[in-house]
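> Test case, fold it:
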Amino acid sequence: QNPYSIATPITQLHPHNPVIVHPDDAAAVGLVSGDTAWLATPGGRARCTVVVHHGVMRGVIAVEHGFGHRELGARAHRIGQNTQPSRPELAAGVNLNDVGLTDPTRGDRATWVDTVSGASVRNGLPAKLMRI
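Residues are numbered from 1 along each chain as shown. Reported below is the predicted structural model:
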């Protein structure tokens, strides 16, 4: 799988990308599996579903890439006389670009990208979970 394996392949595995957190970190903010929370970074925040799991290191919040799309079929587009069907299920989950860091060298809200790979800077972001 990769961030662009959307629609059928990725949503057949699960319908959205829950945020996974270590039990100690979840307990510190009063969260249990299934709770809805805010995932907040310096770049923004997003509503998420929490899964508590020992498989994530303390102090780490794990978020699977490839969900929360606004395009690529998540909303309809009209092309001439034809309308592309909308698939709102593709918008489910956290879009990491919405909470990613912005590029300080650009005048708009452009996502910061790695100069070597061209991928969005979305690993190692300082983040926290807050109860809703």
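
> can you pull out the helices in the chain?
8-13, 23-28, 96-99 (DSSP state H).

> TSV for the ones you listed, including distance to Ser86?
For glycine as for every other residue, the C-beta is placed from the backbone atoms N, C-alpha and C. What follows is the helices of the chain, written out as TSV (distance: least, C-beta to C-beta, whole Å):
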stretch	distance to Ser86
helix 8-13	15
helix 23-28	35
helix 96-99	20
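
> Could you export those helices as CSV, including mean pLDDT?
As requested, these are arranged in CSV below (pLDDT from 0 to 100):
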stretch, mean pLDDT
helix 8-13, 68
helix 23-28, 97
helix 96-99, 82
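
> May I ask you to name the longest strand in the protein?
Criterion DSSP state E: the longest strand present in the chain is strand 44-52.

> That strand: how far from the chain's middle?
Its chain's C-alpha centre and that of strand 44-52 lie 8 Å apart, by C-alpha atoms, centre = their mean, to the nearest Å.

> And stretch 95-115, by the same measure?
Counting by C-alpha atoms, centre = their mean, stretch 95-115 comes out at 14 Å from the chain centroid.

> List the buried residues in that stretch.
Buried positions in stretch 95-115, judged by neighbour count with 16 or more other C-beta atoms under 10 Å: Asn95, Leu96, Asn97, Val99, Gly100, Leu101, Thr111, Trp112.

> Quick check: the third one touching Ser120?
I take that to be Asn97. Yes - using C-beta atoms under 8 Å, Asn97 makes contact with Ser120 at a distance of 5.7 Å.

> and which of the buried residues of stretch 95-115 is nearest Cys48?
Proximity of the buried residues of stretch 95-115 to Cys48, judged by C-beta to C-beta, is greatest for Val99, which lies at 9.5 Å.

> which ones are touching that closest one?
Val99 makes contact with Leu39, Ala40, Thr41, Gly43, Gly44, Arg45, Ala46, Leu125, Ala127, according to C-beta atoms under 8 Å, 6 or more residues apart in numbering.
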